[in-house]
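Sequence and predicted model, in that order:
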Amino acid sequence: MDISIKRRDFLKTATAAGVTALVGDKLGALGQLQAQTKTAVKPVVISSANGLMATAKAMEMIQQGADALDAVIAGVNIVEDDPNDNSVGYAGLPNEEGVVELDSSVMHGPSCRGGAVASIRSIKNPSKVAKMVMDRSDHILIVGEGALKFAKAHGFQEENLLTESSREIWLKWKENLSTEDDWLPPHDIESKDIGEGLKSYLRNHGTINCDAIDLKGNISGVTTTSGLAFKIPGRVGDSPILGAGLYVDNEVGAAGSTGRGEANLLSCSSVMIVEYMRQGKSPEQACLMACERIASHTKERRLLNDQGWPKFNVNFYAISKKGEYGGAAIWSGSRYAINTGEKQSRLIDCAYLFKSEPKPKK
Ligand code: ASP
């Protein structure tokens, strides 16, 4: 993530939730705490910002009586199938060897069940395979070759998930990794020191998390991703790990994440957010508390900026049984998609710990 800090001075203060927080410009997240409390439970669908269509689709199905899990999976399938989305499903950015590997998890609140797949290749809808793991196996998480075999046994079709555009992005990354390997980007005969400098620009994340309450008041969620672009083959992020990238408790609410999975895996934030909500915190407060935990537990110097704040971002999204919803991120600028029954979903700014500013374009 391209971040520079707008304000040098930082405040240490107590959040409305009663914990110590680092907050940025204009008191950052604290100033933004605005839980949306409903008096009666109505259906709600929340997702990461790439889920405008997904949340609208899920809400449409819920209003027709669908179970929340079927609805959110149908919603994220739109993003998994989208050739223009390089972060999820088909057209996802590949691992360092140019092979697309996908992660996904689902949780079904009313039956207290879950399923997940990780590092699955050649299947564009890992969310559907995750649900199949939940419905048709005695396991919770199946990975790699085993996940592909399981999917094929259930009739999923193998296909090439690498589009021309994803391959070109991967090749550009590979050719610009180092001046000391044998891969060269396009260049002319006068070029010197070619092959370096695009790493951070191209190394992006992306995922969709989508959670919903249906007409019966039941809660479910799904998270699906191609994970970190150009990862080491076999790397698994937070998305398929129940408790980290997704957690649902039908009596309390649901939470999910996008962003640097390595940081979230060390905190298991989604289960923590649900537990904070169980203790009475609003979804937004609970998401912020998870961000604070990650910020305070990031000790490795390579991951911290000069102020000692994480260089990376993690975003959380949550809904409560009462129909409240909210999102928070370590850095400002993130948004989430919400649908409370409208034809079109809308985007809302996430609360945040630190104010970021995009670096000026070169
Ligand atoms: N959380 C995902 C992962 O670490 C990636 C992302 O959301 O950007 O695999």
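Nice, thanks for sending it over. All values derive from a computational prediction rather than experimental measurement. Numbering: from 1, shown residues only.

rest of the way, CA atoms for contacts and neighbours
Fine.

tell me which element Ala255 is part of?
Counting by DSSP states H and E, the element that carries Ala255 is strand 253-259.

mind checking how far the most centrally placed residue in the chain is from Pro43?
Closest to where the C-alpha atoms of the chain average out (CA atoms, centre = their mean) is Thr258, at 2.0 Å. With the distance defined as CA to CA, to the nearest Å, Thr258 ends up 23 Å from Pro43.

Which parts of this protein are helices?
28-32, 52-63, 68-81, 126-136, 144-153, 164-175, 199-202, 261-265, 269-278, 283-296 (DSSP state H).

Could you check the angle the last one makes with strand 253-259?
Helix 283-296 and strand 253-259 are oriented at 40 degrees to each other (axes from the mean of the first three to the mean of the last three CA atoms, to 10 degrees).

Averaged pLDDT, helix 283-296. What do you get?
Mean pLDDT, helix 283-296: 98.

buried stuff in it?
Neighbour counts using 16 or more other CA atoms under 10 Å place 283-295 of helix 283-296 among the buried residues.

which strands and helices sit next to it?
Helix 283-296 sits against helix 269-278, strand 314-320, strand 325-331, strand 351-354, with contacts defined as 3 or more CA pairs under 8 Å, 6 or more residues apart in numbering; DSSP states H and E.

CA atoms only for it - export them in CSV, please.
The C-alpha coordinates for helix 283-296 follow below in CSV (Å, rounded to 0.1, in the frame of the first residue of the first chain):
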residue,chain,number,x,y,z
PRO,A,283,-19.3,-3.7,14.9
GLU,A,284,-17.3,-0.6,14.2
GLN,A,285,-15.8,-0.4,17.7
ALA,A,286,-15.0,-4.1,17.5
CYS,A,287,-13.3,-3.8,14.1
LEU,A,288,-11.2,-0.9,15.4
MET,A,289,-10.2,-2.8,18.4
ALA,A,290,-8.9,-5.6,16.1
CYS,A,291,-6.9,-3.0,14.1
GLU,A,292,-5.4,-1.7,17.4
ARG,A,293,-4.4,-5.2,18.4
ILE,A,294,-2.6,-5.7,15.1
ALA,A,295,-0.9,-2.4,15.3
SER,A,296,0.3,-2.9,18.8
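
Which residues of the chain lie near the ligand?
When proximity is defined by CA under 6 Å from any ligand atom, the chain lies next to the ligand at 205-207, 227-228, 237-239, 258-261.

Pick out the least confidently modelled helix or strand of this structure, by mean pLDDT.
strand 11-14 (a mean of 32; mean pLDDT, DSSP states H and E).

The helices of the chain: which one's closest to Ala254?
helix 269-278 (6.2 Å; CA to CA).

Buried ones in that closest one, by neighbour count?
269-278.

residues near Ser178, how many?
Using other CA atoms under 10 Å, Ser178 is surrounded by 18 other residues.

I should have written Phe312 there, sorry.
Phe312, neighbours per other CA under 10 Å, totals 17.

Surely it is in contact with Arg302?
No - shown here, Phe312 and Arg302 do not form a contact pair, counting by CA atoms under 8 Å, at 10.7 Å.
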